[in-house]
Every structure is written in C-alpha cells, then in structure tokens.
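J.: turn this into a structure:
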Amino acid sequence: MAATAEEILGNYPRGRILIGVDGLPGSGRAAFADDLAAEFARRGHEVARVSLDGFADADAADAYRDGAVEAGFRRAVLDPFRRGSAFATDAAGAEPRAGGEDVVLVADGGFLNRSSLRGVWHYTIWLDADEAVRAERRPGADTAAAAAYLRDANPRGAAVAIIDNTDAEHPRRQFADAC
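T.: The predicted model follows:
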C-alpha cells in the first residue's frame, strides 16, 4: 500500500485525485480500496471512499451492461467531484460530502476500466487473483459479464498498476511487458 500511495502522490501531489480499483468479482476490490484509502489518510491526506457497487441493485451485471449504474455514478460522484462540488459517497442518500481542494477519492467496483470511464481516472489499479480464490470469495459471481468485460475492454491493459491480490494480506505488484 505504501509503495502504491507513494507512486500516486509522486505523480499527483495536490488537487482532487480520482483513483479506481477494478478487478473481477472476488479479487478483493473493496478491501484493497479501504486499505489504500487508509494509507492516504495515514499520510495526512483528506480521503473519500466510494464503491460503484453501491450504485447497483441486486442485478449489478445487467445494470453495468446497460450503463444505468455508470450514469448515476457519474452524476452523483464523478462529475461533482471533478467540478470541486459536493459529491455523494453512496447511493443511499447520505449527505453529500464537500471536501477541500486536495482530496483523494478512492473508488472500487467492477468495470471501472470500461472505455467510457477511462478518461475520468488519474490512476487505475487492476486486481488479479487466482480463479479458485475469486470463486471462493464470491461464489456464484456472473462469469459471463466478467468474460465479456475482459474481452471488450482489456481492463488489465488499461490499468496503470496491476496487483496480484490472491493473498490479500500480501498483495504483489506485477509489471506487464509492453515492449
């Protein structure tokens, strides 16, 4: 966490910073994002946490495919955050959060590296985890939606950082050879 936070702050030391933590169901997105947010807070930065999954109903995969979740997330969180306005931290109607000029917003959720969202993030993380571990963490997850996402969006290739989160207590940074 420390190395990832250091890398992000080295590139974006001030301002409203948008970080997306993406990965397949069971990759540990929410817990990883919580830990990353805690690392920024430990360093004295104002931090906000939001989960895209909080903007979806029970059939999240269908909602992601038709764009309803993305539209609500943009309207309630991303657009106001980027404008410097108060922004939502959940879809349940909690009081919008104003935040200061320097805020790190750490968002987690599936499909954050889809092409329609790629331009909004300052930094994205793709969490990998072994298939067996993902299945154990999230039994019954929609594998058809995940397979379509991997095929259509190449989220692993779009991410700034790739982290193997098979062992959530010891995540490891991976480097993709782009040569």
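J.: hang on, residue 22 packs against residue 127?
T.: Yes. Using Cβ atoms under 8 Å, residue 22 is in contact with residue 127, at 7.0 Å. Every C-beta, even on glycine, is put in place using the N, C-alpha and C of the backbone.
J.: mutual contacts of those two, please.
T.: residue 29 (Cβ atoms under 8 Å, 6 or more residues apart in numbering).
J.: which helix or which strand is home to residue 95?
T.: Using DSSP states H and E, residue 95 sits in no helix or strand.
J.: phi and psi next, for residue 123.
T.: phi -150, psi 130 (degrees, to the nearest 10).
J.: need the distance between the two termini of stretch 74-90.
T.: Start-to-end span of stretch 74-90 (Cα to Cα, to the nearest Å) is 12 Å.
J.: just the residues contacting it, thanks.
T.: So stretch 74-90 is contacted by 16, 18, 48-51, 54-55, 91, 94, 96-99, 101, 103, 105, 107, 120 (Cβ under 8 Å, 6+ apart).
J.: can you map out the strands along this protein?
T.: 16-23, 46-51, 103-108, 123-128, 161-164, 172-174 (DSSP state E).
J.: is it possible to export the ones you listed to CSV including mean pLDDT?
T.: Shown next, in CSV, are the strands of the chain (pLDDT from 0 to 100):
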stretch, mean pLDDT
strand 16-23, 96
strand 46-51, 94
strand 103-108, 96
strand 123-128, 97
strand 161-164, 96
strand 172-174, 94
